[in-house]
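Trainee: The following block contains a protein sequence and its predicted model.
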Amino acid sequence: MRDWDTDLEPGERDRIIERIADSVVRRGMQTPAILFLEMHKPLSYVASQGVVVLSPLVAPLVGLENLQIASKLMEDRENMELLIQRIEELAEERAAASGGS
C-alpha cells in the first residue's frame, strides 16, 4: 500500500496513462473520453481531493491503492494532458492500422 502524499514516479505514471489510454481506445470511447477530460481538466485537482474525501466509501469497491493512484494522477493537470495526448495518439495509430476509416 502506498501513502497518500507519495508522488507517482514518472515511469509508473506513464504505465498507468498507457493502460488507461489503451483501454479507452480498445473500447472505441476516445471521443467521449477526450471531451470529458478536456472539460474537466480545470477541476482535476478538486476531483483528486474528492477521491481522498470519498475513499472510506469507495475503497471497499475499487481498492485503496487504486484510489491513491487515481488521486495522484488527477492531482496534476499535466497528467490529464498526457492522458489526452496518449489517447489521441493511440486512436490515430488504430485508425491508420485499420485503413484510415
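Mentor: Now that the structure is in, tell me what you want to look at.
Trainee: for the host helix or strand of residue 48, packing partners?
Mentor: Counting by DSSP states H and E, the element that carries residue 48 is helix 44-62. For helix 44-62, the elements it packs on are helix 64-75, helix 77-97, judged by 3 or more C-beta pairs under 8 Å, 6 or more residues apart in numbering; DSSP states H and E. Where C-beta positions appear, they are placed from N, C-alpha and C, glycine not excepted.
Trainee: Just name the most buried of those.
Mentor: helix 64-75 (a mean of 18; mean count of other C-beta atoms under 10 Å).
Trainee: the inter-axis angle of that helix versus helix 44-62?
Mentor: Following axes from the mean of the first three to the mean of the last three C-alpha atoms, to 10 degrees, one obtains 170 degrees for the angle between helix 64-75 and helix 44-62.
Trainee: just the CA coordinates of helix 64-75, formatted as CSV?
Mentor: Coordinates of each C-alpha in helix 64-75 appear next as CSV, following Å, rounded to 0.1, in the frame of the first residue of the first chain:
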residue,chain,number,x,y,z
LEU,A,64,-7.5,1.8,-1.6
GLU,A,65,-4.3,1.6,-3.6
ASN,A,66,-6.3,2.2,-6.8
LEU,A,67,-7.9,5.3,-5.2
GLN,A,68,-4.5,6.6,-4.1
ILE,A,69,-3.1,6.2,-7.7
ALA,A,70,-6.2,7.9,-9.2
SER,A,71,-5.9,10.8,-6.8
LYS,A,72,-2.2,11.3,-7.5
LEU,A,73,-2.8,11.0,-11.3
MET,A,74,-5.6,13.7,-11.2
GLU,A,75,-3.7,16.0,-8.9
